[in-house]
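Undergrad: Give me the fold of what follows.
(chains A and B)
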Amino acid sequence: KNEVEQSPQNLTAQEGEFITINCSYSVGISALHWLQQHPGGGIVSLFMLSSGKKKHGRLIATINIQEKHSSLHITASHPRDSAVYICAAYYGGSQGNLIFGKGTKLSVKP
Amino acid sequence: DAGITQSPRHKVTETGTPVTLRCHQTENHRYMYWYRQDPGHGLRLIHYSYGVKDTDKGEVSDGYSVSRSKTEDFLLTLESATSSQTSVYFCAISGNTGELFFGEGSRLTVL
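TA: Numbers count the residues shown, from 1 in each chain, chains lettered A, B, ... in the order given. Just a heads-up that it's a prediction; the model follows:
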């Protein structure tokens, strides 16, 4: 069964710290998504990547296809970054082959 | 922001009643999805659509049906709601690039 594992489940950081959230998947994928969900809020797509690295502002996403692993980095973290971060792996073929991790809850303290 | 809206946003209903959630998009995207989100689980796919009148089941489709008679609308129906269907339901859309856009969610409580 295709699976997606995220770590850590919960993360507390001080404002300004560098943050890393990890995502691993079980077999080869076509693409990987990083999503953000604020408390009580909707879900926003941050990145979709299939190789290498992408950067948007203070957010950086990387993927290592050989190691079946992706990371989301947040530089100079801020309390407004507090949210749940979700990775999702698209295994190709049917559009239904998108498997979500359970999310990492990030809290950034001022 | 992608034009995707869900309705209703909140609903409380009783066991055994039918419920329909609506997802409406203005992006003309081909793919539409219904997910449910529950504590301790990742988002789980209920049903998805790859075109008008073209739908397929997801991981947790039992007790749910869908219809897509127009590109812009994807309806999720619970024929006879049960307490286990209390959840937050998200609609999502994607086009040819594969990027996902989510609605704001519909919170359903079945008493």
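
Undergrad: so where is the chain shaky, pLDDT-wise?
TA: Defaulting to chain A. Residues of chain A meeting the criterion pLDDT under 70: A:1-2.

Undergrad: nope, chain B
TA: B:1-2.

Undergrad: Tell me which residue is most central in it.
TA: With distances taken as C-alpha atoms, centre = their mean, B:Trp34 lies nearest the centre of chain B, 3.0 Å away.

Undergrad: Just want the residue of chain B that's nearest chain A.
TA: B:Gly42 (3.5 Å; C-beta to the nearest C-beta). Using the backbone N, CA and C atoms, a C-beta is placed for each residue, glycine as well.

Undergrad: check contacts around residue 5.
TA: Going with chain A. The neighbours of A:Glu5, taking C-beta atoms under 8 Å, 6 or more residues apart in numbering or on different chains as the test, are A:Cys23, A:Ser24, A:Tyr25, A:Gly101.

Undergrad: hmm, I had chain B in mind actually
TA: B:Cys23, B:His24, B:Gln25, B:Gly103, B:Glu104.

Undergrad: hang on, the earlier thing: ok, and the residue nearest to the centre of chain B, which helix or strand is that part of?
TA: For B:Trp34, the enclosing helix or strand under DSSP states H and E is strand B:31-37.

Undergrad: and if you look at B:Thr55?
TA: Per DSSP H and E: strand B:54-57 holds B:Thr55.

Undergrad: next one: whichever helix or strand comes after that strand to chain centre, how far?
TA: The helix or strand immediately downstream of strand B:54-57 is strand B:65-70, counting by DSSP H and E. From the chain centre to the centre of strand B:65-70 is a distance of 10 Å (C-alpha atoms, centre = their mean, to the nearest Å).

Undergrad: So what's the residue count around the nearest residue to B:Tyr89 once chain neighbours are set aside?
TA: Counting by C-beta to C-beta, 6 or more residues apart in numbering or on different chains, B:Tyr89 lies nearest to B:Ser106, which is 4.6 Å off, once chain neighbours are set aside. Counted by other C-beta atoms under 10 Å in any protein chain shown, the residues lying close to B:Ser106 total 23.
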